[in-house]
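Trainee: need a 3D model of the following:
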Amino acid sequence: MGNSDENRVAIKDCCQLVEDFSALCLNQNFSDITLILDGENIYAHKVILAARSKYFEALLYDGGQEIKQTEITITDASPGPFRKLLKYIYTGTVTLEPSDMSFTLELLGLSHRFSMKHLASVFVEKLKTMLDLKNICSILNSANLYDLKELRDACHVFMDKHTSEVLANDCFSDLTQISMIKLLQRDSFFAPEIEIFKSVAKWCKTNNDIDDLVVQCVRLSWLTVVEIVSIVWPSKLVNSENLLQAIAEIVEVKPKLSCCRAKLLTDVNVVKAEYKSQVIFGSKTTFLLTGNRNVDKYAECAIGDKNGFTIKLGFPVFLNHVNMRLWDNDGRYYSYYVEVSIDQKKWKKIVDYSQYACRSHQELYFDKQIVQYVRIVGTHNTANPAFHLIFVEAYFKSKIPRVVNGILCPTTNVATKDKKAVVVEGINPAALLDGVTTNYGNFTSHNIGSGSIVVQLAQPYMISSVKLLLWDQDTRAYKYYIETSVNKSDWTVVADHKNEASKSWQTLRFTERPVVFIRITGTDNTANKVGCVYVVELFLLFFLIEFSLPPLRMPC
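Mentor: Predicted coordinates:
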């Protein structure tokens, strides 16, 4: 009975434990090892050092056997930071010195050197919150010295945001060669290339650029010939052969070997006047840069005009998302494509919807591109020979959805009013896409043997599943089939239930394909000659197809 759970008492006294271990720190009493730093004796306890550090465990216990040695010399460490580290080993606490960054960074180095990963990670998280123009270069040097990727990435992101200030800062010359190389290799370290060269030239005056590896990171072909002749050549940092190669690339005798630098602005719409963007082709475009959402206003250009709407951004940027709205106050739909360029000479088509029917809101995603010009070209309008645009936005998103051949693969229902889907054929179309799936009274229908129910999505989506609810308020059953199309002319059957009686919810899966139109045709109704569909949902379930997992429960 004395061992029963109700008689057990847990006693915790963490504060006293820390206090007792703190009293042992740097205390000669009970110590069994002396650590010698710069001729100074620091007393410690083998078992505590080994328990807290893999480095000391390997040093003091060879294969599990305690070594006989009672003195060990520690090199390349200052007594002050080492005592701080020792205090952490004994008590689990450490105090950073933001005013003395060299002290803090040496402590970071010691935690890394003595295999104290948890402490090193704590330092990294804290240092990420302390970055400023005064300490950024020294912190980046430490991140590269100890190969701390997370801290290095944080430094790079900070320097990307403050490129001009970093280049002008006196501490820029304190960067190590490896820090310079890794920084200058980044496409997102954006500033005029001549300013980067000037800062590199200044750095070279006080540092040894072994094998010219830093100078080689300057993208000479993105300078002008005048800049090369008047600034780069007199510096004598670049040999004549490389200068001639750069000039040949500038005047387009040879293709550029390096890409342009660009500004990385995450979740920022750069098609705005405040970012010095301009619409250089198109009519009635002044409001496109104002964030307009008024559907009664629209810009226009002629269908087939290869200049379309051409937008010049204020500077090169990274883009992977364009968000725009086509004029949609009637039943018309459009086809178009989107191109991007850095110099308005070479264009890359990132979205090609020239064979697809599109209307209303368009969400376009593509691989990351460096861009200064965006061109949207209309290729078809079912109402007239003009292409109409209400607004356009361009972003870089840290994460984008899955895209196949420029077509978005949705993971949620896209047959909704919010996604601008519409019913273009069927009786009582308003009932089909209202999202109500219980206590329903309305339904969308067509007469058996005459017509169909047709849903049009706002843009092409890669679809592999359709879920629909057949009206089921009595015992009737239906037969039907479903087709899809991207242009309302060419149709493909994706589900054939003409030979089986179906009731209530239907989940139909098929090979992933581009879809704009979904046509549901009833062939039989056991109660009457009307085919009734209450709600349609469209999903991408590519994971079921690709990985052959057990069927998932579909949301209603």
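Trainee: how about the strands in the stretch 1-150 of the chain?
Mentor: Applying DSSP state E, counting those that start in this stretch to the stretch 1-150 of the chain gives strands spanning 33-37, 40-44, 61-62, 65-66, 71-73.
Trainee: just give me the neighbour total for T438.
Mentor: For T438, the count of nearby residues is 6 (other CB atoms under 10 Å). (Glycine included, C-beta is placed from N, CA and C.)
Trainee: what does M130 give?
Mentor: 13.
Trainee: ok, now which ones touch it?
Mentor: 98, 139 (CB atoms under 8 Å, 6 or more residues apart in numbering).
Trainee: if I look at it, how far off is D174?
Mentor: 17 Å (CB to CB, to the nearest Å).
Trainee: same question, A495
Mentor: 67 Å.
Trainee: between those two, which is the more surrounded one?
Mentor: Taking other CB under 10 Å, A495 and D174 do not tie; A495 has more neighbours (18 against 15).
Trainee: so the more buried one bridges to which residues?
Mentor: I482 (DSSP bridges).
Trainee: can you list the strands of the stretch 1-150 of the chain in TSV and add mean neighbour count and distance to L24?
Mentor: Converted to TSV, those look like this (neighbours: other CB atoms under 10 Å; distance: least, CB to CB, whole Å):
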stretch	mean neighbour count	distance to L24
strand 33-37	17	12
strand 40-44	16	9
strand 61-62	13	19
strand 65-66	10	18
strand 71-73	12	18
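Trainee: now those as JSON lines including distance to K467 and mean pLDDT?
Mentor: Formatted as JSON lines, those follow (distance: least, CB to CB, whole Å; pLDDT from 0 to 100):
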{"stretch": "strand 33-37", "distance to K467": "69", "mean pLDDT": "89"}
{"stretch": "strand 40-44", "distance to K467": "68", "mean pLDDT": "88"}
{"stretch": "strand 61-62", "distance to K467": "63", "mean pLDDT": "82"}
{"stretch": "strand 65-66", "distance to K467": "67", "mean pLDDT": "70"}
{"stretch": "strand 71-73", "distance to K467": "70", "mean pLDDT": "88"}
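Trainee: quick one, which of those strands gets closest to Y353.
Mentor: In terms of CB to CB, the element of these nearest to Y353 is strand 61-62, at 67.6 Å.
Trainee: of all the strands of the stretch 1-150 of the chain, which one comes closest to D147?
Mentor: strand 33-37 (24.9 Å).
Trainee: now for the closest one, which elements pack on it?
Mentor: strand 40-44, strand 71-73, helix 79-91 (3 or more CB pairs under 8 Å, 6 or more residues apart in numbering; DSSP states H and E).
Trainee: again, 7 Å this time
Mentor: If you count contacts as 3 or more CB pairs under 7 Å, 6 or more residues apart in numbering; DSSP states H and E, strand 33-37 packs onto strand 40-44, strand 71-73.
Trainee: would you turn these into a markdown table with distance to K205?
Mentor: Below are those laid out as a markdown table (distance: least, CB to CB, whole Å):
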| stretch | distance to K205 |
| --- | --- |
| strand 40-44 | 39 |
| strand 71-73 | 38 |
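Trainee: so which of these gets nearest E125?
Mentor: Among the helices and strands packed on strand 33-37, strand 40-44 sits nearest to E125 (CB to CB), with 27.4 Å.
Trainee: so R152 touches N141, yeah?
Mentor: No - R152 is not in contact with N141 according to CB atoms under 7 Å; the separation is 10.0 Å.
Trainee: and the residue nearest to I42 when sequence neighbours are not counted, how far is that from K68?
Mentor: With sequence-adjacent residues excluded and distances taken as CB to CB, 6 or more residues apart in numbering, I42 is closest to L35, at 4.5 Å. Counting by CB to CB, the gap from L35 to K68 is 16 Å.
Trainee: by mean pLDDT, flag the weakest helix or strand of this structure.
Mentor: Lowest on mean pLDDT, DSSP states H and E among the helices and strands of the chain sits helix 542-547, with a mean of 27.
Trainee: just checking, next helix/strand downstream of the strand or helix carrying S335?
Mentor: Using DSSP states H and E, S335 maps to strand 334-341. Downstream of strand 334-341, the first helix or strand assigned by DSSP H and E is strand 347-358.
Trainee: and that next one, what's its mean pLDDT?
Mentor: Mean pLDDT, computed over strand 347-358, is 97.
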